[in-house]
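S.K.: need a structure here:
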Amino acid sequence: MNRSLHAIASLLLTGGTFSAANAAPPDYPPRKPGLWEMKMSQPDAPEGKPHVVQQCIDARTDAAMREMGGGASRQACSRQDTRKEGGKIVVDSVCQMGATTLTSHSEVSGDFGSSYRMESHTTYDPPMAGRAKGSAVMEAKWLGPCKAGQKPGDMVMPDGRTMNFMDMKPIPKKK
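M.R.: Here you go, the predicted structure:
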């Protein structure tokens, strides 16, 4: 999987609200049910082009995505500090991905009913895919009800493919 699709998958598995390095956040509002559009970019990446994903959610799929992302981070992260600062949720974490340690600082703001934004800065030690640091920005906005024929959990990927989060099976742990 290329770096861009890996970043998209990480964001999607956490409900599109937090980086993969996140634990259970403090009380924050769930996303409004319906169709969300998420524009994800890595300003410092060579490709630099934003990726747009649409997600049809209801309360059940939104909660399931947060739970799956939180479970993955509990297994991979040795530090996960989440706090509210003013109108933002701030996450500082240290996680392991293979042989690389990821140290991240993320800030999330918005109302989760019409829009929200996440900005994340990460360092990689040793460098990952030739990069020692990176940043990501995700801007999400609510578009309205899900489109005809969509069901909660459907995600329309940048290449036009549709996949349903609820149909994905967890990856078994290696022993």
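
S.K.: what's the next secondary structure element after the helix or strand of the chain with the lowest mean pLDDT?
M.R.: Sorting the helices and strands of the chain by mean pLDDT, DSSP states H and E puts helix 3-13 at the bottom, at a mean of 45. With elements assigned by DSSP states H and E, the helix or strand that comes after helix 3-13 is strand 34-41.

S.K.: residue contacts, the closest residue in space to Gly113 that isn't next to it in sequence?
M.R.: In this structure, Gly113 finds its nearest non-sequential neighbour in Lys32, 4.5 Å apart by CB to CB, 6 or more residues apart in numbering. Any C-beta I mention is one placed from the backbone N, CA and C, and that applies to glycine too. Applying CB atoms under 8 Å, 6 or more residues apart in numbering to Lys32 gives the contacts 112-114, 142.

S.K.: let's go with 7 Å and repeat that
M.R.: 112-113, 142 (CB atoms under 7 Å, 6 or more residues apart in numbering).

S.K.: so which of those residues is the most crowded?
M.R.: In terms of neighbours by other CB atoms under 10 Å, the contacts of Lys32 top out with Trp142 at 19 neighbours.

S.K.: rewinding a little: ok, so of the contacts of Lys32, who is nearest Ser135?
M.R.: Phe112 (22.2 Å; CB to CB).

S.K.: tell me the pLDDT at the closest residue in space to that closest one that isn't next to it in sequence?
M.R.: Ranked by CB to CB, 6+ apart and with sequence neighbours excluded, the top spatial neighbour of Phe112 is Pro29, at 4.4 Å. Note on Pro29: pLDDT of 71.

S.K.: many thanks, we can stop here.
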